[in-house]
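**Q** coordinates only, sequence not included:
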């Protein structure tokens, strides 16, 4: 009975999201491995010439089986020196998010452009400061599947069963119109010494408040998502450093905060091999309640030369723990960045 109750609750939760068209944007626990999903100003901020990233997240499969919440994202960015130590970076990103029994889906694709302005430091120096502005301009669409949904007028009171052959008489359409979406961000970072850096940034998503309604010619705009984030790399010795960070996200009534730290060990060789492990906390508000602990996140990341592979698991700690048995979400990330051809024009970037 409890499992039936859980499925019914999640079913109507997803259905209410469909009607309101206001599903909060998906988030990645490994936000440091999904930079273009976090802040457009992180476009081009990496050690190398170009970078490619793939991220995958699966949440609530312990309860919803094959109808879990799944998010996949991919991005590519390229940085080019234009004048002095300033750079122009361009790229693209794509995200697909599918949630629950209604298969409520968000598809978003953007073109990214950012400008990296050097504020201090000369040439190939171990000390530098950069200010970056970035913009994402793209197209999105949302949809859901009527196939696994039923409505009140489809319930046969006499037979006490659902008759899907009966019209649902709903005005909903299965797809929104394609819409223009604009995001913008700003970021600053400073390199203090080898393995010692700090950064801070902010972004606003859905700047243009696009219309994402499922109700034909009516209007329902996507709420702006505000992001603030900061972090650092602090060396403990030549091989060991800590990477604390915090991310705050606000979208309409939704509040989300992730904080914690990775510990990074590196062999310091030219073909660097490094390993990271960390623990992160995530707190969020539950409907109209105040914020509460939502998950503990454990992650492990392997760096080898130009590759970075990460895996993480969210241990659910919210009021939903009775149903989930503490099983929340797992994530995978894969990143590849090419080294610069000319070491003298390399941009020194922080570790995230």
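**A** Arrived safely, thanks for sending. Treat the numbers as computed from the prediction; the structure is a model and nothing was measured.
**Q** Would you mind naming the residues that pair with residue 179 in a beta bridge?
**A** Applying DSSP bridges to residue 179 gives these bridge partners: residue 140.
**Q** quick one: it and residue 109 touch, right?
**A** No. Look at residue 179 against residue 109 with C-beta atoms under 8 Å: they stay out of range, at 11.8 Å. No exception for glycine: its C-beta is placed from N, CA and C like everyone else's.
**Q** Overlap of the contact sets of those two?
**A** Taking C-beta atoms under 8 Å, 6 or more residues apart in numbering as the contact rule, residue 179 and residue 109 both touch 139-140.
**Q** Which strands or helices does whichever strand or helix holds residue 55 pack on?
**A** Using DSSP states H and E, residue 55 maps to strand 50-59. Packed against strand 50-59 by the contact rule (3 or more C-beta pairs under 8 Å, 6 or more residues apart in numbering; DSSP states H and E) you find helix 35-38, strand 69-83, strand 327-337.
**Q** Give me the buried positions along the shortest one.
**A** Meaning helix 35-38. Residues of helix 35-38 classed as buried: 35-38 (neighbour count, 16 or more other C-beta atoms under 10 Å).
**Q** Would you reformat those residues as TSV and include distance to residue 252 and pLDDT?
**A** Formatted as TSV, these follow (distance: C-beta to C-beta, whole Å; pLDDT from 0 to 100):
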residue	distance to residue 252	pLDDT
35	24	96
36	22	96
37	18	95
38	19	96
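**Q** okay if I get the residues you listed as JSON lines plus distance to residue 334?
**A** Converted to JSON lines, the buried residues of helix 35-38 look like this (distance: C-beta to C-beta, whole Å):
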{"residue": "35", "distance to residue 334": "14"}
{"residue": "36", "distance to residue 334": "14"}
{"residue": "37", "distance to residue 334": "14"}
{"residue": "38", "distance to residue 334": "17"}
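**Q** Now flag whichever of these is closest to residue 142.
**A** For the buried residues of helix 35-38, the residue nearest residue 142 by C-beta to C-beta is residue 37; the value is 17.0 Å.
**Q** what about residue 113, neighbour count?
**A** Residue 113 has 18 neighbours, counted by other C-beta atoms under 10 Å.
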